[in-house]
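>>> following is a predicted model, sequence given first.
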Amino acid sequence: MHFSASHFLKSEDEIENLHGHNYILKVKLTGSLNEDGMVYDFRVVKSKAVEIYEFIEVFVGEKRYVFPEEDCVIIPTIATSTELLAQHILSLLDFPKEFTVKVCVSESEGKTGCYKRK
């Protein structure tokens, strides 16, 4: 799946300027084949990934960003690194515990963070 989003990272000494990426999201399920010869139905995986966010508004430090609420998603992580995005997305996806699930988020070629649940 592909999605576009703006974000900024905050470190001890600075807050990045708001900037965007065209992200790529990958969800990998490993498990036994079901009676239909699939590990899991791709359509169900996609619908789970699309339905996981609630929409909100944002303020950080001395900066104020105002966006239409319907265009914003606040992600409850300490930063918006690809690794934390992958971890957060995986925490919201509801797959049975018998599956090993790996979520990877890429912000550009060669910049990918993954998180895996065993």
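Perfect, I can see it now. Numbers count the residues shown, from 1 in each chain.
>>> ok, residues contacting the one helix or strand residue 112 maps to?
Following DSSP states H and E, one finds residue 112 within strand 111-117. Strand 111-117 is contacted from outside by 81-87, 89-90, 100-106, using CB atoms under 8 Å, 6 or more residues apart in numbering. Every residue, glycine included, has its C-beta placed from N, CA and C.
>>> which of these sit farthest apart?
The distance between the two most remote of those (CB to CB) is 22.5 Å, for 81 and 100.
>>> for stretch 107-118, give the mean pLDDT please.
Taken as a whole, stretch 107-118 has an average pLDDT of 88.
>>> for stretch 90-101, same thing?
For stretch 90-101, mean pLDDT is 90.
>>> before we move on, back to that, please pick the buried ones from the contacts of strand 111-117.
Among those, those classed as buried by 16 or more other CB atoms under 10 Å are 81-82, 84-87, 89-90, 101-106.
>>> adding distance to residue 24, write those residues out as a markdown table.
Output for these, formatted as a markdown table (distance: CB to CB, whole Å):
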| residue | distance to residue 24 |
| --- | --- |
| 81 | 15 |
| 82 | 10 |
| 84 | 16 |
| 85 | 11 |
| 86 | 11 |
| 87 | 16 |
| 89 | 12 |
| 90 | 15 |
| 101 | 17 |
| 102 | 14 |
| 103 | 11 |
| 104 | 8 |
| 105 | 7 |
| 106 | 4 |
